[in-house]
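1. prediction below, plus the sequence it came from.
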Amino acid sequence: MPELPEVEITARRLGASLAGAEVESAQARGMVALKSVDPPLGVLAGGTISTVRRIGKMPVVEFDPVELSEATDGGSSGEPLSMLVHLMSAGRLQVFDKRASLRDRTARVLVRLADGRELRLREFGTKQRAWAKLLRAAELDGDEMVATLGPEAWPAPPAEELARRIDQPRHLHPMLRDQRVIAGIGRSWVDEILWEACLSPFKQGSELDDEEVDRLHAALHVLGDAVDRYERVIGEQVPDKLPMPLQVHRRQGEPCPRCGATLAAVHFAEHLTTYCPEEQTGGRVLKDRRLSRLLK
């Protein structure tokens, strides 16, 4: 799933490319692609994209004020609109010089531009879980997907706030991926953050002492480092697969970049956790959940 660094560079590149672009038409394909009905996508025709930004792991496409039909709820006019996009695990938001054909099964939401280009929400695979919502800009912060988010992981929140939010009897790995605790971290970057902090993925947040909290807080810099690297290596068009600068995630069996110990992993149904036994778990190789229900 695209996470904070990947969505940040996507928003920056799209914002630079689309600012001021006039919308010719917009449509959604599939039953679950669009999770809103008011205002309808059709009101975007003739409008202008102002910018693209990021909230947590979600891109937001902002539109300059457009006239809303009297048929829409409230009958107001001249309102700025926001399209909130959730990429889920296989979605991508990209701009193309040519428009999607009717045979393109990856296309979910299409915003066609007057200059012939197309902003396209694509999704690979068959699950069709990526979606978009078109909202009045004033309603964005109150949307449940935004209102329930914790503070942004980058730039890092104050250490005191992070300490308060993770003071829970929950394992660090799933807790840091919980967008209600802290926004922007997913399966890939949580491995990198915990390795950078030399913390076990299965230590509980409530067990951390002040020094360990400080290490975790400092380790959030890896997200900003990744964004900086993407700025150097990604051109105007963001590729489907970004060159993620990961040092440990999915590198089990390879030597730890710091100490040389063999990296290990614990597999779950839909993801795995990679860690350094020497630096993160006191030299212990944890039981793999594929082999045991218990993890100590």
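-> Cool, the structure landed. From a predicted model like this one, the values you see are computed outputs, not experimental measurements. Residues are numbered from 1 along each chain as shown.

2. pretty sure residue 211 is in a strand, no?
-> No. Counting by DSSP: H, G, I helix; E, B strand; the rest coil, one finds residue 211 to be helix, located in no strand.

3. looking at it now. What's its pLDDT?
-> At residue 211, the pLDDT value in this model is 98.

4. can you map out the helices along this protein?
-> Using DSSP state H, the helices of the chain run over 4-18, 144-147, 159-166, 172-176, 187-197, 210-219, 221-233, 277-280.

5. for residue 120, which of those helices is the nearest?
-> Nearest of the helices of the chain to residue 120, taken as C-beta to C-beta: helix 4-18 at 10.9 Å. Heads up, the C-betas are built off the backbone N, CA and C, glycines and all.

6. average pLDDT for that closest one?
-> 98.

7. likewise for stretch 28-42?
-> In this model, stretch 28-42 has an average pLDDT of 89.

8. centre of the chain versus it, how much separation?
-> 21 Å (C-alpha atoms, centre = their mean, to the nearest Å).

9. buried set for stretch 255-271?
-> For stretch 255-271, the neighbour count (16 or more other C-beta atoms under 10 Å) marks 256, 263-266, 271 as buried.

10. burial measure for residue 20, as a count.
-> 9 (other C-beta atoms under 10 Å).

11. then residue 236?
-> So residue 236, with other C-beta under 10 Å, has 9 neighbours.

12. and of the buried residues of stretch 255-271, the nearest to residue 162?
-> residue 271 (22.9 Å).

13. contact partners for that closest one?
-> Applying C-beta atoms under 8 Å, 6 or more residues apart in numbering to residue 271 gives the contacts residue 187.

14. please report how far it lies from residue 28.
-> Computed as C-beta to C-beta, to the nearest Å, the residue 271 to residue 28 distance reads 29 Å.

15. hang on, residue 45 packs against residue 22?
-> No. Here residue 45 does not reach residue 22: they are 9.3 Å apart, not a contact under C-beta atoms under 8 Å.

16. related to what we said a few turns ago, so for residue 203, which of the helices of the chain sits nearest?
-> helix 172-176 (5.6 Å).

17. for the closest one, packing partners?
-> When contacts are defined as 3 or more C-beta pairs under 8 Å, 6 or more residues apart in numbering; DSSP states H and E, helix 172-176 sits against helix 159-166, helix 187-197.

18. single out the most deeply packed of these.
-> Ranked by average neighbour count under the criterion mean count of other C-beta atoms under 10 Å, the helices and strands packed on helix 172-176 are headed by helix 187-197 at a mean of 23.

19. run the chain-centre distance for it.
-> Chain-centre distance of helix 187-197: 15 Å, with C-alpha atoms, centre = their mean.

20. ok, now stretch 212-223?
-> Distance of stretch 212-223 from the chain centroid (C-alpha atoms, centre = their mean) equals 19 Å.

21. likewise for stretch 206-216?
-> Distance, centroid of stretch 206-216 to centroid of chain: 25 Å (C-alpha atoms, centre = their mean).

22. hmm, who's touching it?
-> Stretch 206-216 is contacted by residues 159, 162-163, 166-170, 172, 193-194, 197-199 when judged by C-beta under 8 Å, 6+ apart.

23. could I get the residues you listed in TSV, plus columns for pLDDT and distance to residue 10?
-> Converted to TSV, the contacts of stretch 206-216 look like this (pLDDT from 0 to 100; distance: C-beta to C-beta, whole Å):
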residue	pLDDT	distance to residue 10
159	96	29
162	98	26
163	98	31
166	98	28
167	98	33
168	97	31
169	98	35
170	97	30
172	98	27
193	98	20
194	98	25
197	98	27
198	98	31
199	98	29
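
24. picking up where we left off before, distance to residue 242 for the helices of the chain - can I get that in TSV?
-> Shown next, in TSV, are these (distance: least, C-beta to C-beta, whole Å):
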stretch	distance to residue 242
helix 4-18	5
helix 144-147	23
helix 159-166	26
helix 172-176	21
helix 187-197	11
helix 210-219	21
helix 221-233	7
helix 277-280	26
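
25. of all the ones you listed, which lies closest to residue 240?
-> Nearest to residue 240 among the helices of the chain is helix 4-18; the distance by C-beta to C-beta comes to 11.0 Å.
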